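>>> How does the following fold in three dimensions:
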Amino acid sequence: MTTSDILERILLPINDLWCVDNVQINEEEKSVYVHLSYKFDFVEIDGRDYPIYDYRHERNWRHLDLWQYKTYLTARIPRYKIGGEIRSVDVSWADTGERLTTLLEKKR
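Prediction:
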């Protein structure tokens with residue numbers, strides 16, 4: 001099992017739409033940055049596929065610590081156009097607008 005497999009299956013609250021792209025460890029800061037990417041070039045909403053319109057700027061979410069390391073999830077959120085409105089894809093690890101993952105909020 002690879003590190004990405006362990007992260008995706010056990011330690012991260014991501015669904016099948018996302019995958020681990022990269023993991024960076026900063027020994028000085030004692031932090032881990034897990035970079036996630038959206039797997040598809042479309043978004044399925046109510047059984048219909050919408051192409052990715054663009055991506056929001058990269059964001060970080062504070063996640064549960066991995067041992068003594070502070071952990072952050074990092075991703076660019078895809079947006080899609082439905083009618084004349086541009087919407088962002090919901091992420092499985094955090095509520096809209098939050099900077100903490102759902103699992104970290106529950107722990108607090």
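>>> Touching the longest helix along the chain from outside, list them.
Using DSSP state H, we find that the single longest helix of the chain is helix 102-107. The contact list for helix 102-107 (C-beta atoms under 8 Å, 6 or more residues apart in numbering) reads 13, 62-64, 93-95, 98. Glycine gets a C-beta too; all of them are placed from N, C-alpha and C.
>>> Which of those fall in helices?
Per DSSP H, these never map to helices.
>>> Which one of these is nearest to residue 49?
residue 93 (23.1 Å; C-beta to C-beta).
>>> ok, the closest one to residue 81 distance?
Residue 93 is 24 Å from residue 81, where distance means C-beta to C-beta, to the nearest Å.
>>> Which of these two has more residues huddled nearby?
More neighbours surround residue 93 than the other of residue 93 and residue 81, with 20 against 14 (other C-beta atoms under 10 Å).
>>> which regions of the chain sit below the pLDDT cut-off?
Along the chain, segments meeting pLDDT under 70 span 1, 3-10, 107-108.
>>> in it, which spans are helices?
Under DSSP H, the chain gives helices at 3-6, 102-107.
>>> quick one on the thing from earlier: got the buried residues for the longest helix of the chain?
For helix 102-107, the neighbour count (16 or more other C-beta atoms under 10 Å) marks 102, 104 as buried.
>>> next one: stretch 66-81
Neighbour-count burial for stretch 66-81 [16+ other C-beta under 10 Å]: 71-75, 78-80.
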